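1. Task: produce atomic coordinates for the following.
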Amino acid sequence: MTPDELKARVADDGVEFIYAMFVEMHGKPCAKLVPVTAIDDLLEVGAGFAGFAAGPLSPTPGRSRHLGHP
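-> This next block holds a predicted model:
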């Protein structure tokens, strides 16, 4: 499915939020709801996740954010 097809499908179905998820290296799912109004950013940039909240990807809360990209 192309990004344009996805956007059309989301609009046709009346979707309000998109569930963005990835699984970190130890199998813990990390997810967030993204408003459909941010679909362009989600597809082009990805969904930002705080490093510390995404498991052992960052050892401290002060580390940078991580992006999940489709």
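
2. so where's this protein shaky on pLDDT?
-> Per-residue confidence of the chain (counting by pLDDT under 70) places the weak regions at 51-70.

3. Please report how far residue 42 lies from residue 27.
-> The spacing between residue 42 and residue 27, counted by CB to CB, to the nearest Å, is 24 Å. For glycine as for every other residue, the C-beta is placed from the backbone atoms N, C-alpha and C.

4. Give me the contacts around the biggest helix by length in the chain.
-> Secondary structure assigned by DSSP state H gives helix 3-13 as the longest helix of the chain. Here helix 3-13 makes contact (CB atoms under 8 Å, 6 or more residues apart in numbering) with 1, 18, 36, 39, 43.

5. among those, which are in strands?
-> residue 18 (DSSP state E).

6. Now, of the contacts of helix 3-13, which are buried?
-> By neighbour count, with 16 or more other CB atoms under 10 Å, the contacts of helix 3-13 hold 18, 36, 39 as buried.

7. Max pairwise distance over the contacts of helix 3-13: which two?
-> By the measure CB to CB, 1 and 36 form the most distant pair in the contacts of helix 3-13, at 15.4 Å.

8. So what's the residue count around the nearest residue to residue 29 once chain neighbours are set aside?
-> Residue nearest to residue 29 in three dimensions, not counting chain neighbours: residue 23, with 5.3 Å by CB to CB, 6 or more residues apart in numbering. By other CB atoms under 10 Å, the residues close to residue 23 number 12.

9. Quick check: phi and psi at residue 23.
-> With angles defined as degrees, to the nearest 10, residue 23 sits at phi -110, psi 120.

10. ok, which stretches of the protein are helices?
-> Assigned helices in the chain, in chain order: 3-13, 39-44 (criterion: DSSP H).
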